[in-house]
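Chemist: Okay, sequence plus prediction incoming.
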Amino acid sequence: MKRNVLDLFAGAGGLSLGFSQTGEFRIVAAVENNLFARRTYHRNMRETELLDDVETIDYDAIIRQHGKIHVVIGGPPCQGFSSANRQKNQAISTNNRLVKAFVRAVCVLKPQAFVMENVSMLRSDTHRFYYSEDDRQVLRGLSLDLKPERLELLPTSVSLKAADKIVQNDNLVTEYRWDDKAYWTLNVLFKQRDNEKKLGKALGKYGNALRRICQTTLPHEDSVDQIAHWDFVLAQAIMNVLFGTVTTTGQLRDALEKPILVQRMLGKLRELKENNIVVDKYDSGEGLFAHVQSYGVFDYVKTVLGSDLYKYNIRADVLNAADFGVPQRRMRFVIMGTDHDGVADYSLPKATVKPECYATVRSAIGDLEFIKPSLSVMDPPIEMNDAPVNLNSLAGRLRDSTCLHNHVITQTGDTALRRFRALAPGENFHNLRPELKSTYTDPSRTQNTIYLRLKYDEPSGTVVNIRKSMWIHPVLDRAVSIREAARLQSFPDRFVFEGTKDAQYQQVGNAVPPLLACALAEKVMELLDAEGG
């Protein structure tokens, strides 16, 4: 009898597909809230009940309809915070509640096993969650290692006299905050402030919106109130530029900084409040800092599910997808747990492929080299009957359809094409001549995965949204297609992606490679068989 599986945060369905490919599991229900990913999942996994909100699931209803849930799987987005992103617009990632939703599902359903998959950095001590009032209740009586953190809400370059009053009065946070559209528009100017050309374009593009903001959001009169005064100065600087009173943007650049930084502070204060984060104290004067406590994601999972109340035997490790036949070096952190009746001493699946035998980019997409891709997702699929393929290659195993769906690329512009032609396999944006980098404000900050030309005879790097990264075919001067990206993820050709072009690329990049998922499923099956459940 097949065992019932619930897939949380299912995305397009890579994890579900891998489990179903074993023939031993039935994916009875899956949860995904992204519209296009839901369409993809439904097209390929039609027998699965598809839900859309992990935080409002009626688990009793699932059990009544499908019976006992034997396995809970999923890859909750859980980037938490890190030292690298503390200066950005948000103080925290609210995705920590999604990790907790996964843990809650295990606590309620009490499956025989669970599998949580996510990026390997979650094992890092720099990616953590803030301790909240909700955690106090869940962790009552449990020992979780908490680390003191000093969270910057406002940099020391800004001295705000009213900071103490604001942190104690939620009404003041609401009073001073701009609406989201106003903040988004003005933040665009702020981000472009050091590039005169881009700032000028933004002023032209958002001129009407900026006029409305000056009329409806920013104050019309100067004030002794510090925040109101900074906002008034900003409004005057915007109007001076828009109406040609001044010919340079220097005044505007100077006027943008304090209002934007204050708005980011107010937004972070709202986040802390809405997420019930425990703040021990605030430091004000030069800047504003919140003293909070944090904990590791894996520590949370182990503390709750490994407690005497639930008694799961938990193992975790970083797995390389290439070790399991995926033509891609993709490092993922996997947490697996079996209930107290299960096997206590076990490890995650071991590599089935040696490094010298890794599947390569050529083995996955070489047969598609001479098939011209489409430029529109609305074009019909391409007939594949006459396309040659080595049946023993990975491509031969993945080609399980006579129609090639999703072999679609973005049309290449002149600048991108010049870059494509200049790069050899393995090279990226940083290998370009300086004149080919001129459209980037700060080329030195560009990641090594941008404008990457793949090497045919090696596995690829981690597949993300390769449309945004502008990945290049190993030997052709064109982008890698959606289908080629899906092949690099080990999706079979019969698995069809739905939605806009960018949505399809994003779904592929977010997915768990089915071959890796299948290896995890086989390990779970082994453990359940040993348990006799």
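Modeler: Sure, I can see it.

Chemist: In this structure A105 contacts L6, no?
Modeler: Yes: counting by CB atoms under 8 Å, L6 is a contact partner of A105 at 6.9 Å. In short, each C-beta sits where N, CA and C put it, glycine included.

Chemist: contacting residues for S143?
Modeler: Residues in contact with S143 (CB atoms under 8 Å, 6 or more residues apart in numbering) are T303.

Chemist: what about the most centrally placed residue in the chain, distance to L109?
Modeler: Nearest residue to the geometric centre of the chain (CA atoms, centre = their mean): P77, 6.2 Å. Using CB to CB, to the nearest Å, P77 is found at 21 Å from L109.

Chemist: try V262
Modeler: Taking CB to CB, one finds V262 at 45 Å from L109.

Chemist: between these two, who's got more neighbours?
Modeler: Taking other CB atoms under 10 Å, V262 and L109 do not tie; V262 has more neighbours (25 against 20).

Chemist: Which residue is the nearest non-sequential neighbour of that one?
Modeler: Leaving out its chain neighbours, the residue that sits closest to V262 by CB to CB, 6 or more residues apart in numbering is I227, at 5.7 Å.

Chemist: cool, and Y59?
Modeler: Spatial nearest neighbour of Y59, excluding adjacent residues (CB to CB, 6+ apart): V108 at 4.8 Å.

Chemist: Look at the nearest residue to V278 once chain neighbours are set aside and say how many residues are nearby.
Modeler: Once flanking residues are discounted, V278 sits nearest to Y131: 5.3 Å by CB to CB, 6+ apart. With neighbours defined by other CB under 10 Å, the count for Y131 comes to 23.

Chemist: and Y131, what is it in contact with?
Modeler: The contact partners of Y131, by CB under 8 Å, 6+ apart, come to 146, 277-278, 292-295.

Chemist: What of M384?
Modeler: So M384 contacts 371, 399, 401-404, 493 (CB under 8 Å, 6+ apart).

Chemist: Return the per-residue confidence for it.
Modeler: pLDDT recorded at M384 is 82.

Chemist: V292 now?
Modeler: V292 is given a pLDDT of 95.

Chemist: got it, and D502?
Modeler: So, for D502, pLDDT stands at 96.

Chemist: in which helix or strand would I find the nearest residue to it once chain neighbours are set aside?
Modeler: Once flanking residues are discounted, D502 sits nearest to R467: 6.0 Å by CB to CB, 6+ apart. Counting by DSSP states H and E, the element that carries R467 is helix 466-469.

Chemist: for the stretch 201-350 of the chain, what spans make up the strands?
Modeler: For the stretch 201-350 of the chain, the strands defined by DSSP state E, counting those that start in this stretch occupy 281-283, 286-296, 313-320, 331-338.

Chemist: scratch that, the stretch 401-533 of the chain
Modeler: Using DSSP E, counting those that start in this stretch, the strands of the stretch 401-533 of the chain run over residues 403-404.

Chemist: shaky segments in the stretch 1-150 of the chain?
Modeler: Of all residues in the stretch 1-150 of the chain, those with pLDDT under 70 make up the ranges 78-96, 120-122, 124, 126.

Chemist: Try it again at 50.
Modeler: Scanning the stretch 1-150 of the chain for pLDDT under 50 picks out 82-87.

Chemist: Can you show me the strands along it?
Modeler: Going by DSSP E, counting those that start in this stretch, the stretch 1-150 of the chain shows strands at 3-8, 25-31, 49-51, 71-74, 113-119, 128-130, 147-159.

Chemist: Could you export those strands as a markdown table, including distance to P425?
Modeler: What follows is these, written out as a markdown table (distance: least, CB to CB, whole Å):
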| stretch | distance to P425 |
| --- | --- |
| strand 3-8 | 37 |
| strand 25-31 | 38 |
| strand 49-51 | 40 |
| strand 71-74 | 36 |
| strand 113-119 | 26 |
| strand 128-130 | 38 |
| strand 147-159 | 42 |
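
Chemist: Dump the contacts of Y131 to a markdown table, plus distance to L528.
Modeler: As requested, those are exported to a markdown table (distance: CB to CB, whole Å):
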| residue | distance to L528 |
| --- | --- |
| L146 | 35 |
| I277 | 39 |
| V278 | 39 |
| V292 | 40 |
| Q293 | 38 |
| S294 | 35 |
| Y295 | 31 |
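
Chemist: From N195, how far out is the residue nearest to the centre of the chain?
Modeler: Distance of P77 to N195, given as CB to CB: 31 Å.

Chemist: Does A422 touch R433 like I think?
Modeler: Yes: with contact defined as CB under 8 Å, A422 reaches R433; the gap is 6.8 Å.

Chemist: So which of these two has more stuff around it?
Modeler: When A422 and R433 are compared for neighbours, A422 comes out ahead with 15 against 10, by other CB under 10 Å.

Chemist: Contact partners for that one?
Modeler: A422 sits next to 431-433, 436 when contact means CB under 8 Å, 6+ apart.

Chemist: and it, how far is that from A182?
Modeler: The span separating A422 from A182 equals 42 Å under the rule CB to CB.

Chemist: Next: K161.
Modeler: 24 Å.

Chemist: just K468 next, same as before
Modeler: With distances taken as CB to CB, K468 is found 27 Å from A182.

Chemist: Could you check which of the two has the larger neighbour count?
Modeler: A count of neighbours by other CB under 10 Å puts A182 above the other of K468 and A182, at 19 against 14.
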